[in-house]
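Colleague: my questions concern the predicted model and sequence given below.
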Amino acid sequence: MALTDESTSTSSGPSASSVAGALGALSSASSSIKNAWENSGAKDVFANAQSNLPQGTQDTLSIVKQNIFNRKNIRTPTVFFGMGEEQPFYVEKVPSLVTERVRHNFRFFYLNYAMVTTVLFCLTLLISPSAIIGIGLLGFAWVAVIRATSEGSVQIKGITITQKQASIGMGALSVLVLIWLLSHIFWMTLATSGFLCGVHLLLRDASMHKDEEDKVVMQGDLSLDEEEATFLNNEVQDVSLA
């Protein structure tokens, strides 16, 4: 019996140490990538590139960020999983109610579904070091292109290439590289997240949160005429006397 316990502890020891070593290596690698990103000045380059965009494009991006990618639309885990509710998950059998549930859940939890897909993508990406290296090289290539065209254009062997042309070419190249690098990861992530989010869409009863979509945020000061203010004051006084 002692030999069994000793062998069990011996076998579990290397596995625990290997997991700890892998986590330590991952942490050091992520910190190294973060330091390299900050020291390269890529953040300033992207900020300058965004400031050089046409005003109409900047306004469109701002509207999309405010309406679609608004942090207020991210639901807390308590709401997402229905913690504290009497029956947050159950099978609805009426087709019309199922359609209404799916429509409401998709509009109400769409950012949470995007976060689930992103987390699964990152976790799946960890098992493919070649994809991580390829994405890193692609990021540095983008930084190099943005730096080279920071003044609006760049000349290569006498040929002038504008920033727009370089961005379009780099975008097309990035799409091809990402398809080649992430094809298996993409389909694996899409299948897993599609299954999990689909189950949540069908089973989560979030009808009690429908009223939150009808909230109207009131902004600005309430200005009343003297007659309206006098009428309201007199009405309040009459109520208090009664």
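Modeller: Yep, it's here. Residues are numbered from 1 along each chain as shown.

Colleague: what ranges does the protein have for its strands?
Modeller: Listed in chain order, the strands of the chain (DSSP state E) span 153-156, 159-162.

Colleague: strand partners of the last one, parallel vs antiparallel please.
Modeller: The reference is to strand 159-162. Sheet pairing for strand 159-162, assigned by DSSP bridges, gives strand 153-156 (antiparallel).

Colleague: list the buried ones in the strand it pairs with?
Modeller: Counting neighbours by 16 or more other C-beta atoms under 10 Å, one finds that the buried residues in strand 153-156 are Val154. For every residue, glycine as well, the C-beta is placed using N, CA and C.

Colleague: using PDB, write out every CA atom in that strand.
Modeller: Extracted C-alpha coordinates of strand 153-156, given in PDB (Å, rounded to 0.1, in the frame of the first residue of the first chain):
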ATOM      1  CA  SER A 153       3.700  57.200 -49.100                       C
ATOM      2  CA  VAL A 154       6.900  55.300 -49.600                       C
ATOM      3  CA  GLN A 155       9.100  54.700 -52.600                       C
ATOM      4  CA  ILE A 156      10.400  51.200 -53.500                       C
END
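
Colleague: returning to that earlier point: and the strands of the chain as JSON lines, adding distance to Ser128?
Modeller: Shown next, in JSON lines, are the strands of the chain (distance: least, C-beta to C-beta, whole Å):
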{"stretch": "strand 153-156", "distance to Ser128": "33"}
{"stretch": "strand 159-162", "distance to Ser128": "33"}
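
Colleague: so can I have a markdown table of these showing mean pLDDT and distance to Met83?
Modeller: Supplementary listing: these in a markdown table, determined by pLDDT from 0 to 100; distance: least, C-beta to C-beta, whole Å:
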| stretch | mean pLDDT | distance to Met83 |
| --- | --- | --- |
| strand 153-156 | 81 | 55 |
| strand 159-162 | 84 | 53 |
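
Colleague: before I go, just wanted to say thanks for your time.
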